[in-house]
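Visitor: Everything below, folded, please.
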Amino acid sequence: MNVSPSEVVTFWRDAGVERWFGKDETFDDMCEMAFEDAVEDAAAGKAEHWMDSAEGALALVLLLDQMPRNIHRDSAQAYAHDALARQYADQAIERGYDVEVDPTLQVFFYLPFEHSEDLEDQQRSVELHQNLVGEDADKWAVLHKDIIERFGRFPHRNAVLGRETTAEEQAWLDAGGFKG
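Guide: Just a heads-up that it's a prediction; the model follows:
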(Lines give C-alpha, C1' and ligand atoms only; values in the text may rest on other atoms or scores of the structure.)
Protein backbone atom coordinates (compact mmCIF):
# COMPACT_ATOMS: atom_id res chain seq x y z
CA MET A 1 0.00 0.00 0.00
CA ASN A 2 1.31 3.40 -0.94
CA VAL A 3 -0.86 5.20 1.63
CA SER A 4 -1.51 4.85 5.34
CA PRO A 5 -4.86 4.52 7.11
CA SER A 6 -4.28 7.94 8.65
CA GLU A 7 -3.86 9.53 5.21
CA VAL A 8 -7.12 8.01 3.97
CA VAL A 9 -9.11 9.01 7.05
CA THR A 10 -7.63 12.51 7.24
CA PHE A 11 -8.33 13.15 3.55
CA TRP A 12 -11.92 11.97 3.94
CA ARG A 13 -12.59 13.82 7.20
CA ASP A 14 -11.13 17.05 5.80
CA ALA A 15 -13.27 16.79 2.65
CA GLY A 16 -16.45 17.25 4.69
CA VAL A 17 -20.13 16.46 4.31
CA GLU A 18 -20.81 18.43 1.12
CA ARG A 19 -18.12 16.54 -0.77
CA TRP A 20 -18.96 13.19 0.85
CA PHE A 21 -22.54 13.21 -0.35
CA GLY A 22 -22.46 15.59 -3.30
CA LYS A 23 -21.34 15.28 -6.88
CA ASP A 24 -18.10 17.20 -7.26
CA GLU A 25 -15.92 16.41 -10.27
CA THR A 26 -12.88 18.06 -8.69
CA PHE A 27 -13.25 15.93 -5.57
CA ASP A 28 -13.75 12.80 -7.69
CA ASP A 29 -10.49 13.62 -9.49
CA MET A 30 -8.72 14.16 -6.16
CA CYS A 31 -9.90 10.75 -4.95
CA GLU A 32 -8.71 9.11 -8.15
CA MET A 33 -5.28 10.74 -8.11
CA ALA A 34 -4.64 10.02 -4.44
CA PHE A 35 -6.32 6.66 -3.90
CA GLU A 36 -7.08 4.71 -7.09
CA ASP A 37 -4.11 2.37 -6.58
CA ALA A 38 -4.93 1.99 -2.89
CA VAL A 39 -8.51 0.97 -3.75
CA GLU A 40 -7.23 -1.81 -6.01
CA ASP A 41 -4.64 -2.90 -3.44
CA ALA A 42 -7.34 -3.04 -0.76
CA ALA A 43 -9.60 -5.06 -3.06
CA ALA A 44 -6.71 -7.48 -3.62
CA GLY A 45 -6.37 -8.04 0.14
CA LYS A 46 -3.15 -6.06 0.55
CA ALA A 47 -4.55 -3.98 3.42
CA GLU A 48 -6.24 -6.68 5.44
CA HIS A 49 -3.84 -5.95 8.33
CA TRP A 50 -5.53 -2.54 8.59
CA MET A 51 -8.37 -4.37 10.35
CA ASP A 52 -6.19 -4.42 13.48
CA SER A 53 -7.35 -0.91 14.45
CA ALA A 54 -10.47 1.23 14.25
CA GLU A 55 -8.74 3.82 12.06
CA GLY A 56 -7.37 1.14 9.75
CA ALA A 57 -10.75 -0.54 9.45
CA LEU A 58 -12.41 2.79 8.68
CA ALA A 59 -9.79 3.54 6.02
CA LEU A 60 -10.32 0.11 4.46
CA VAL A 61 -14.10 0.55 4.33
CA LEU A 62 -13.68 4.04 2.85
CA LEU A 63 -11.37 2.67 0.15
CA LEU A 64 -13.77 -0.12 -0.80
CA ASP A 65 -17.15 1.58 -0.39
CA GLN A 66 -16.84 5.35 -0.75
CA MET A 67 -13.80 5.94 -2.94
CA PRO A 68 -15.01 3.75 -5.83
CA ARG A 69 -18.23 5.79 -5.93
CA ASN A 70 -16.12 8.89 -6.53
CA ILE A 71 -13.40 7.40 -8.71
CA HIS A 72 -15.81 5.42 -10.92
CA ARG A 73 -18.93 7.58 -10.75
CA ASP A 74 -21.64 6.52 -13.24
CA SER A 75 -19.89 3.21 -13.89
CA ALA A 76 -20.46 -0.38 -12.76
CA GLN A 77 -17.00 -0.23 -11.15
CA ALA A 78 -18.45 2.12 -8.53
CA TYR A 79 -20.10 -0.95 -6.96
CA ALA A 80 -17.40 -3.54 -7.68
CA HIS A 81 -16.10 -3.82 -4.12
CA ASP A 82 -19.38 -3.43 -2.22
CA ALA A 83 -19.51 -7.01 -0.93
CA LEU A 84 -15.96 -6.81 0.38
CA ALA A 85 -16.68 -3.44 1.99
CA ARG A 86 -19.68 -4.99 3.78
CA GLN A 87 -17.54 -7.88 4.98
CA TYR A 88 -14.96 -5.54 6.50
CA ALA A 89 -17.64 -3.22 7.90
CA ASP A 90 -19.31 -6.21 9.56
CA GLN A 91 -16.01 -7.28 11.16
CA ALA A 92 -15.31 -3.71 12.30
CA ILE A 93 -18.74 -3.37 13.92
CA GLU A 94 -18.31 -6.75 15.64
CA ARG A 95 -15.05 -5.45 17.11
CA GLY A 96 -16.70 -2.22 18.27
CA TYR A 97 -14.60 -0.06 15.97
CA ASP A 98 -17.62 1.93 14.82
CA VAL A 99 -17.94 3.56 18.24
CA GLU A 100 -14.19 4.19 18.56
CA VAL A 101 -13.92 6.64 15.66
CA ASP A 102 -14.91 10.29 15.41
CA PRO A 103 -18.75 10.32 15.62
CA THR A 104 -18.98 12.19 12.30
CA LEU A 105 -17.18 9.28 10.60
CA GLN A 106 -19.07 6.47 12.34
CA VAL A 107 -21.69 6.40 9.58
CA PHE A 108 -19.13 5.14 7.06
CA PHE A 109 -19.10 1.77 8.79
CA TYR A 110 -22.87 1.60 8.16
CA LEU A 111 -23.08 2.83 4.57
CA PRO A 112 -21.93 -0.47 3.01
CA PHE A 113 -25.20 -1.96 4.31
CA GLU A 114 -27.21 1.02 3.03
CA HIS A 115 -25.61 0.59 -0.40
CA SER A 116 -26.61 -3.08 -0.60
CA GLU A 117 -29.51 -4.31 -2.70
CA ASP A 118 -30.24 -7.03 -0.13
CA LEU A 119 -33.23 -6.34 2.12
CA GLU A 120 -31.59 -7.89 5.21
CA ASP A 121 -28.62 -5.56 4.77
CA GLN A 122 -31.05 -2.65 4.43
CA GLN A 123 -32.81 -3.58 7.66
CA ARG A 124 -29.45 -3.79 9.40
CA SER A 125 -28.53 -0.39 7.97
CA VAL A 126 -31.62 1.19 9.51
CA GLU A 127 -30.86 -0.40 12.89
CA LEU A 128 -27.24 0.76 12.78
CA HIS A 129 -28.16 4.29 11.72
CA GLN A 130 -30.49 4.54 14.73
CA ASN A 131 -27.33 4.45 16.89
CA LEU A 132 -26.17 7.74 15.40
CA VAL A 133 -26.74 11.09 17.05
CA GLY A 134 -29.15 13.39 15.26
CA GLU A 135 -32.86 13.81 14.79
CA ASP A 136 -32.93 12.36 11.27
CA ALA A 137 -29.93 10.05 11.63
CA ASP A 138 -31.74 7.14 10.00
CA LYS A 139 -33.64 9.16 7.36
CA TRP A 140 -31.47 8.12 4.40
CA ALA A 141 -31.20 4.53 5.60
CA VAL A 142 -35.00 4.26 5.72
CA LEU A 143 -35.27 5.81 2.25
CA HIS A 144 -32.80 3.27 0.83
CA LYS A 145 -34.61 0.39 2.55
CA ASP A 146 -37.95 1.56 1.17
CA ILE A 147 -36.55 1.51 -2.38
CA ILE A 148 -35.27 -2.05 -1.95
CA GLU A 149 -38.58 -3.14 -0.43
CA ARG A 150 -40.43 -1.68 -3.41
CA PHE A 151 -38.16 -2.69 -6.30
CA GLY A 152 -35.71 -5.25 -4.92
CA ARG A 153 -32.88 -3.10 -6.29
CA PHE A 154 -31.84 0.49 -6.87
CA PRO A 155 -33.38 1.51 -10.22
CA HIS A 156 -30.91 4.37 -10.69
CA ARG A 157 -28.14 1.75 -11.07
CA ASN A 158 -29.88 -0.17 -13.86
CA ALA A 159 -28.26 1.57 -16.83
CA VAL A 160 -24.66 1.28 -15.61
CA LEU A 161 -25.21 -2.33 -14.51
CA GLY A 162 -26.78 -3.29 -17.85
CA ARG A 163 -30.16 -4.13 -16.33
CA GLU A 164 -33.52 -3.61 -17.95
CA THR A 165 -35.60 -0.95 -16.24
CA THR A 166 -39.22 -1.90 -15.61
CA ALA A 167 -42.07 0.45 -16.48
CA GLU A 168 -42.73 0.99 -12.76
CA GLU A 169 -39.07 1.81 -12.12
CA GLN A 170 -38.95 4.21 -15.07
CA ALA A 171 -42.08 6.00 -13.91
CA TRP A 172 -40.55 6.35 -10.46
CA LEU A 173 -37.26 7.65 -11.90
CA ASP A 174 -39.12 10.07 -14.21
CA ALA A 175 -41.02 11.41 -11.21
CA GLY A 176 -37.71 12.30 -9.53
CA GLY A 177 -37.04 9.02 -7.76
CA PHE A 178 -34.04 8.97 -5.47
CA LYS A 179 -30.76 9.02 -7.37
CA GLY A 180 -28.54 7.67 -4.59
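Visitor: Give the other helices and strands that the top helix by length along the chain contacts.
Guide: In the chain, taking DSSP state H as the definition, the longest helix is helix 25-43. Judged by 3 or more C-beta pairs under 8 Å, 6 or more residues apart in numbering; DSSP states H and E, helix 25-43 is in contact with helix 5-15, helix 67-71. Where you see a C-beta, it was placed from the backbone N, CA and C, and this is true even at glycine.
Visitor: just the ones you listed: most buried one?
Guide: Comparing the helices and strands packed on helix 25-43 by mean neighbour count (mean count of other C-beta atoms under 10 Å), helix 67-71 comes out on top with a mean of 23.
Visitor: returning to what we had before: give the buried residues for the longest helix of the chain.
Guide: Across helix 25-43, burial judged by 16 or more other C-beta atoms under 10 Å covers 27-28, 30-32, 34-36, 38-39, 41-43.
Visitor: Can you name every helix or strand that the very next helix or strand once past it contacts?
Guide: Downstream of helix 25-43, the first helix or strand assigned by DSSP states H and E is helix 54-61. Contact partners of helix 54-61 among helices and strands, from 3+ C-beta pairs under 8 Å, 6+ apart: helix 5-15, helix 82-94.
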